[in-house]
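Show me how the following folds:
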Amino acid sequence: MVNVRNVRGGDGLADIRAEVDDILESVIENTRQATEDFFESYGENPDPKILSAWIEPRAWREIDYVFLLNEQIRRYGMQFSRKHITLLAKQSFQEAEHYEMVGEVIESLGGTVPKSVPAQAKPWSDFLWDCLERHPLAAIAAWNVSETSASGSFEPTFKAGEKFGFDAVVKVYKKIAIDEKFHVGLGVQILSDYAKTDHDREEILRAMRGMRDLAWKTFTPASVKANI
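Numbering: from 1, shown residues only. Reported below is the predicted structural model:
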């Protein structure tokens, strides 16, 4: 994933940089471990429908990001530079592409593409939208942690793909991994540029801490078993 310490931007996160880095690093590790645990469990019963159930929350996250990013722009876009409005819109388009690509994979595995929030993803979605209501930067902070978290799933997924032979999943995830370097970097840049006050930074940390505690959970074997 992108090295968020080297992302260009302002100094708005300077006073909380150490905690931000700790949150991002911990959520990557939590998701990596959850993903490894899932594929270890999957190896005991490598059923395509189980893999599909694991991927389905990912599909919802992609389309929920589309809704969220467009609402972010509608509500708060005029507080940002034209450049950042354009880049947020670019991210929204890429998330829509991801929803389509992930959806095709789910259908190829015999699953159903979600058109409403899956039960295992609802706490994540509810928190994300709550952040949008609270502060112009809070939802960006929350989805930045969530996107960073997802990057922890990539390498275990690629290794499992080689082992179990689900090449289509790996192909899609590799395309998503490229795009998410841009998404993660953009989020950190916007937070760094527009965080101006202690209140801004308090809301950013609240959003990041909350998402850190939620983002990795849909990657676990228990989450999948509860919803098959």
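
Point me to the residue sitting closest to the centre of this structure.
Glu147 (2.7 Å; Cα atoms, centre = their mean).

I'd like the distance between it and Glu162.
As defined by Cβ to Cβ, to the nearest Å, Glu147 lies at a distance of 24 Å from Glu162. Where you see a C-beta, it was placed from the backbone N, CA and C, and this is true even at glycine.

Make sure the residue nearest to the centre of the chain is actually in contact with Val184.
Yes. With contact defined as Cβ atoms under 8 Å, Glu147 and Val184 form a contacting pair (5.2 Å).

For this structure, which segments count as helices?
17-42, 48-76, 82-108, 122-134, 138-151, 154-164, 167-194, 198-212, 221-225 (DSSP state H).

most packed of those helices?
Per residue and on average, the most neighbours among those fall to helix 138-151, with a mean of 27 (mean count of other Cβ atoms under 10 Å).

ok now it, how far from the chain's centre?
5 Å (Cα atoms, centre = their mean, to the nearest Å).

Same question for stretch 64-75.
Centroid separation for stretch 64-75 versus its chain: 14 Å, with Cα atoms, centre = their mean.

I'd like the distance between the closest residue to Ser223 other than its chain neighbours and Ala222.
Nearest residue to Ser223, sequence neighbours excluded (Cβ to Cβ, 6 or more residues apart in numbering): Gln120, at 4.7 Å. Separation of Gln120 from Ala222 (Cβ to Cβ): 9 Å.

For stretch 105-121, what does the pLDDT average out to?
Mean per-residue pLDDT for stretch 105-121: 96.

Can you get me the start-to-end distance on that stretch?
Length of stretch 105-121, first residue to last, Cα to Cα, to the nearest Å: 19 Å.

contacts for it?
By Cβ atoms under 8 Å, 6 or more residues apart in numbering, the surrounding residues in contact with stretch 105-121 are 48-49, 51-53, 55-57, 59-61, 64, 102-103, 125, 166, 168-169, 172, 217-218, 223-224, 226-227.

how far away is the residue found closest to Gln94 once you drop the neighbours it is linked to in the chain from Ala96?
Leaving aside its chain neighbours, Gln94 sits nearest to Asp179 (4.8 Å; criterion: Cβ to Cβ, 6+ apart). From Asp179 across to Ala96, the span is 11 Å (Cβ to Cβ).
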